[in-house]
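Peer 1: from the sequence below, what's the structure:
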Amino acid sequence: MAARIRKDDIVEVIAGEHKGARGKVLRVFGDRDRVLIEGVNMVVRHVRPSQRHPQGGRIHREAPIHISNVQPIDPKTDKPTRVRFRVERDDRGRIVRKFRESVAGSTISEVTRASAASAAPSGE
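Peer 2: Model (predicted):
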């Protein structure tokens with residue numbers, strides 16, 4: 001999957017048990033298409049005593065969520081949005097990712113209907 005979500009992004013869960021929850025991405029597991037979000041999808045882990053956890057017992061920690069169930073938050077509108085990639089270079093030559101611009105829905109739907117009607121073959 002494309003890297004539309006990266007570490008330290010603020011995302012919102014759009015599907016599943018934690019729908020509507022927001023949090024910061026702690027880690028992205030690219031090979032498994034999953035993300036770890038701060039404070040979301042908490043599970044209980046039973047750990048035996050060790051140097052790291054001398055008491056042992058039950059520990060609450062985050063579990064990964066599939067990347068298709070989250071959307072990044074647009075910093076301008078504070079709403080979940082889709083990300084598109086445009087090959088642009090910043091002053092250092094890095095590729096920049098762009099958030100989709102907000103456009104009135106009625107204008108878009110009229111344009112798509114008109115273009116779809118003109119592209120369809122007329123008659124059988």
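
Peer 1: mind checking how far the closest residue to R48 other than its chain neighbours is from H46?
Peer 2: Excluding its sequence neighbours, the residue lying closest to R48 (Cβ to Cβ, 6 or more residues apart in numbering) is G56, at 5.1 Å. Using the backbone N, CA and C atoms, a C-beta is placed for each residue, glycine as well. Distance, G56 to H46, using Cβ to Cβ, to the nearest Å: 8 Å.

Peer 1: tally of neighbours for D9?
Peer 2: Residues contacting D9 under the criterion other Cβ atoms under 10 Å number 19.

Peer 1: correction: the previous question concerned V11.
Peer 2: By other Cβ under 10 Å, neighbour count at V11 equals 24.

Peer 1: what is the burial count for the nearest residue to G57 once chain neighbours are set aside?
Peer 2: Nearest residue to G57 in three dimensions, chain neighbours excluded: V47, at 6.9 Å (Cβ to Cβ, 6+ apart). V47 has 13 neighbours, counted by other Cβ under 10 Å.

Peer 1: before we move on, back to that, isn't the residue nearest to R48 right up against R45?
Peer 2: No: in this structure, G56 is not within contact of R45 by Cβ atoms under 8 Å, at 10.8 Å.

Peer 1: next one: the residue nearest to R48 from V43, what distance?
Peer 2: 17 Å.

Peer 1: do the same with P75
Peer 2: For P75 relative to V43 (Cβ to Cβ), the value is 30 Å.

Peer 1: ok, now V28?
Peer 2: Distance, V28 to V43, using Cβ to Cβ: 19 Å.

Peer 1: and the two? which has more neighbours close in?
Peer 2: V28 (19 against 9).

Peer 1: disregarding residues adjacent in the polypeptide, which is nearest to the more buried one?
Peer 2: Nearest one to V28, counting by Cβ to Cβ, 6+ apart, is V35 at 5.3 Å.
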